[in-house]
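Engineer: Okay, structure incoming, though there's no sequence with it:
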DNA sequence: TTGGACGAAACTGTATACCAAACTGAAACG
DNA sequence: CGTTTCAGTTTGGTATACAGTTTCGTCCAA
């Protein structure tokens, strides 16, 4: 399951080297290897990935735009730590985008615009992954479910906004193992039902509470990792 | 009135050259000089701005992340044209962010968090600018009003999302002269009153209808410029 | 011993030159 | 008239160099 690069196909193969560095670096940061606070040194990275400094800088610039690193003049990029406020900000931002996108997606699906097939496949896939005990795959699938809903809203801007947030969510879930597996699947199923039957208001409200239900457990589980 | 660079001070002086190229290029695009469809040639720009290709590429990358240009592999960046769908997408995205941020800002202000002074100054400034017949300044002020509300939500992610949208709004207003001056000022005043008295629900609803009221006039005025 | 001044090393920000791959457009050809 | 080829242009990427900052360790002095 490829998390990034959905919906914005043109970006996928663009600028191969910088793209590759970005992808590997993001994966590494999400995995926690360059720990928060670590300075990302251009020369070091360019040697590690066997490219010149240019693609490295492009990748870092993109990571900064998406909020994963912070750069200061002449001091380069450091991996951003995460505070309680950051988590709240993340969840608030999701509450802003996802219920809104869900309503639009439901209204579109209700009038026959858009195809919920992929959404159903993802939902089924996450069920199978968790049943098989493959937590990482289940997490990816769950996040892909959210991404697919926003994609079904047909608004590329919202898709664009969601992507880095899902990266942070992946980081959170991998760190905490706080997947709320059964609850999530149940809520996703209800959300799916409301979506495909075109019940925009209901679907939106369910998306809202689904996100909000995750906040406190995550804040508790994440507490030891927060700055 | 500086439109960009509010709220994210650290980005202001960072990477001076690339920042300058970005700023001048964005200003030029918003002004319509490199018309939509124009290819942005790195060498040409680096000569025009008397810098090397590196800062130019950084600026272009940023413009792409914010949606002002589109790049394809080995074909470089072209200024994005605007379609009717783009306008709808822009307004939908604003409807997503601004009412949400407005509610939070109102609730914060209602509990004494945050300072509405700057908001009041901006509102007064726009009134004066329009009274003095300075339309560009009035437009900038009006957009700054929206930016300030989102800033008062305290959510940097939302601020980050809003910035490029205001750039596009500025482009639209300068092109169409569709400022709805009196209506805008009146609606802004009502919005301000609801905000400072902590009426989150009301303020949010007013933000929503304020944005929605602009959509149709703009679509009509903008029709000749759309692809 | 501790505090601060000093200097070298490291790193970023930028410029320049260069190469390969890909695209473009026009001429040549069937 | 349509297709193909080919040279020029442009981007994507690399290597290298250098100035300005920051960082860090050392050394001197109180």
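Structural biologist: Great, that's in hand. Every value quoted in this text rests on a predicted model; they were computed, and no experiment measured them.
Engineer: partner residues bridging the closest residue to DNA strand C within chain A?
Structural biologist: Closest approach between chain A and DNA strand C, counting by C-beta to the nearest atom of the strand: residue A:76, at 3.1 Å. Any C-beta I mention is one placed from the backbone N, CA and C, and that applies to glycine too. Beta-bridge partners for residue A:76, by DSSP bridges, are residue A:72.
Engineer: mind listing what it touches?
Structural biologist: Taking C-beta atoms under 8 Å, 6 or more residues apart in numbering or on different chains as the contact definition, residue A:76 lies against A:39, A:40, A:41, A:42.
Engineer: Now the first one. Nearest residue, chain neighbours left out?
Structural biologist: Think residue A:39. Closest residue in space to residue A:39, ignoring its immediate chain neighbours: residue A:78 at 5.2 Å, by C-beta to C-beta, 6 or more residues apart in numbering or on different chains.
Engineer: now swap in the third one and tell me
Structural biologist: Closest residue in space to residue A:41, ignoring its immediate chain neighbours: residue A:76 at 6.6 Å, by C-beta to C-beta, 6+ apart.
Engineer: do the second one as well
Structural biologist: Distance criterion C-beta to C-beta, 6+ apart; nearest residue to residue A:40, sequence neighbours excluded, is residue A:77 at 4.4 Å.
Engineer: Next, count neighbours for the one you found.
Structural biologist: Neighbourhood size, residue A:77 [other C-beta atoms under 10 Å in any protein chain shown]: 25.
Engineer: I'd say it and residue A:59 touch.
Structural biologist: No - look at residue A:77 against residue A:59 with C-beta atoms under 8 Å: they stay out of range, at 9.8 Å.
Engineer: sorry, back to before: kindly provide the distance from the residue nearest to residue A:40 to chain B.
Structural biologist: 11 Å (C-beta to the nearest C-beta, to the nearest Å).
Engineer: Correct me if wrong: residue A:225 contacts residue A:81.
Structural biologist: No - between residue A:225 and residue A:81 there is no contact under C-beta under 8 Å: 9.1 Å.
Engineer: Next to DNA strand D in this structure, residues from chain A, please.
Structural biologist: Within chain A, the positions near DNA strand D by C-beta under 7 Å from any atom of the strand are A:14-18, A:51-55, A:58, A:73-75.
Engineer: And for chain A, the residue most distant from the center?
Structural biologist: Here chain A reaches farthest from its C-alpha mean at residue A:74, the gap being 30.2 Å by C-alpha atoms, centre = their mean.
Engineer: Would it be right to say that it lies in a helix?
Structural biologist: No - Residue A:74 is assigned coil when assessed by DSSP: H, G, I helix; E, B strand; the rest coil, not a helix.
Engineer: Per-residue confidence at it, what does it come out as?
Structural biologist: Per-residue pLDDT puts residue A:74 at 87.
Engineer: Tell me how far the most centrally placed residue in chain A lies from chain B.
Structural biologist: For chain A, the residue nearest the mean C-alpha position is residue A:166 (0.9 Å; C-alpha atoms, centre = their mean). Between residue A:166 and chain B the distance, using C-beta to the nearest C-beta, works out to 13 Å.
Engineer: Tell me where chain A has strands.
Structural biologist: Per DSSP state E, chain A carries strands over the ranges A:39-40, A:69-72, A:76-79.
Engineer: so of those, which one's packed in deepest?
Structural biologist: strand A:76-79 (a mean of 19; mean count of other C-beta atoms under 10 Å in any protein chain shown).
Engineer: How much space separates residue A:91 from residue B:155?
Structural biologist: As defined by C-beta to C-beta, to the nearest Å, residue A:91 lies at a distance of 10 Å from residue B:155.
Engineer: Nothing else from me, thank you.
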